[in-house]
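Asks: I'll drop the sequence and a predicted model, then ask my questions.
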Amino acid sequence: MSTAAQSRDELRPTYRARVGTQELDLPLVPLGQDLTIALLITVDLGLSFTAQAGRELAAMIQPKRVDIVATAATMGLPVVIEVTRALGLDDYVVLHKTPKIHLEDALTEPVQSITTGPVQQLRFDRARLHHVAGKRVAFVDDVISTGSSAAAAVRLLRQAGGDVVAVGALVTETVAWRTTLGDDVGLVCSLGEVPVFRPGPGGSLVEDWVG
C-alpha cells in the first residue's frame, strides 16, 4: 500500500461495532450531505472472522430446523457459506441482482438497496426451485438496513414455494427495517446493531438509531 493510501485509511473515521463475540472498526462512508453509514464489507473481513460469525449466527437459526439457507449476491455469499457449514448442511441458494445467461426466465422480485440506489430485480434460478419448494428456508445477509432487500428476498423465496422461517444478518442498521418487514419482523435475528450518522455541530457526526 502506498503512503498516500495509508494516510487516507488512517484519517478515515470509523465506528467500533460488535458482531456477536467479535468487534471491528467499520469505515464511515457518506451517502449524501445528510446521511453517513458504517460500511460493513463481508469480503474484506477475512476467513476467521466470518467463520466465527457464521457459527454464532447459525446457533441462533438452528432451533428453526432449517432445510436450506439462502442469500443475495454478492455480500451475503461469505455469510451463507459459513452459516450453511455450521448448520451441517451441504447446499445453499443464491438470489442474484445482476442479469446472467441462466437467469433469463428466473423468478423475479423488485428490490432497492440503500447502497445501490436504483430499483433492481432480485432473481431466482428456476432450475433451483426444487431446493426451496416445500422446504424450511433461512435467508441470511450481511446487513439489514431499510429492510427492503430482506423483504424482497422473503417474497421471492415464498414465490418459489419456500417456508421462510428465519432471516439472519451480521448486523441490523437502525430500526427502519422493522416497519418494512411488517409481520415478518419476528423472523429476524442478528449478531449486532449499528446506527446511521447525521451531521452534528462543528462538522461532527451524531449517531441516529432510528434511521
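Replies: Yes, it's here.
Asks: Confirm for me that Leu26 is in contact with Ala17.
Replies: Yes - using Cβ atoms under 8 Å, Leu26 and Ala17 qualify as a contacting pair, with a distance of 5.2 Å. Placement of C-beta: from N, CA and C, glycine included.
Asks: Are there residues contacting both of these two? Which ones?
Replies: Common contact partners of Leu26 and Ala17 (Cβ atoms under 8 Å, 6 or more residues apart in numbering): 38, 40, 194.
Asks: report the longest helix in the protein, please.
Replies: helix 47-61 (DSSP state H).
Asks: Skip ahead from the strand or helix carrying Asp25 and say which helix or strand is next.
Replies: Here Asp25 sits within strand 22-32, counting by DSSP states H and E. Per DSSP H and E, the first helix or strand lying C-terminal to strand 22-32 is strand 35-38.
Asks: In that following strand, which residues are buried?
Replies: For strand 35-38, a neighbour-count test (16 or more other Cβ atoms under 10 Å) marks 36-38 as buried.
Asks: and of those, the nearest to Ala106?
Replies: Using Cβ to Cβ, Ile37 comes nearest to Ala106 of the buried residues of strand 35-38, at 29.5 Å.
Asks: what are the bridge partners for that closest one, then?
Replies: Here Ile37 sits in beta bridges with Val29, Val196, going by DSSP bridges.
Asks: how far away is it from Pro27?
Replies: 9 Å (Cβ to Cβ, to the nearest Å).
Asks: Quick check: closest non-adjacent residue to Val188.
Replies: Among residues not flanking Val188 along the chain, Val167 sits closest, at 4.8 Å (Cβ to Cβ, 6 or more residues apart in numbering).
Asks: next structured bit after the helix or strand of the chain with the lowest mean pLDDT?
Replies: Ranked by mean pLDDT, DSSP states H and E, the weakest helix or strand in the chain is helix 3-11, scoring a mean of 49. Sequence order places strand 14-19 as the next helix or strand after helix 3-11, per DSSP H and E.
Asks: quick one: strands adjacent to that following strand?
Replies: strand 22-32 (antiparallel).
Asks: Now do the strand it pairs with against helix 47-61, angle only.
Replies: Here strand 22-32 points in a direction 90 degrees away from that of helix 47-61 (axes from the mean of the first three to the mean of the last three Cα atoms, to 10 degrees).
Asks: And strand 22-32, how far out from the chain middle?
Replies: Centroid separation between strand 22-32 and its chain, computed with Cα atoms, centre = their mean, to the nearest Å, is 15 Å.
Asks: Then stretch 135-146?
Replies: Relative to its parent chain, stretch 135-146 has a centroid offset of 6 Å by Cα atoms, centre = their mean.
Asks: Need the contact partners of stretch 129-139.
Replies: Residues from elsewhere that reach stretch 129-139 (Cβ under 8 Å, 6+ apart): 61, 64-71, 83, 91, 93, 107, 124, 150, 153-154, 157, 160-168.
Asks: As a check, name the ranges of all helices in the chain.
Replies: 3-11, 47-61, 77-86, 148-159, 176-181.
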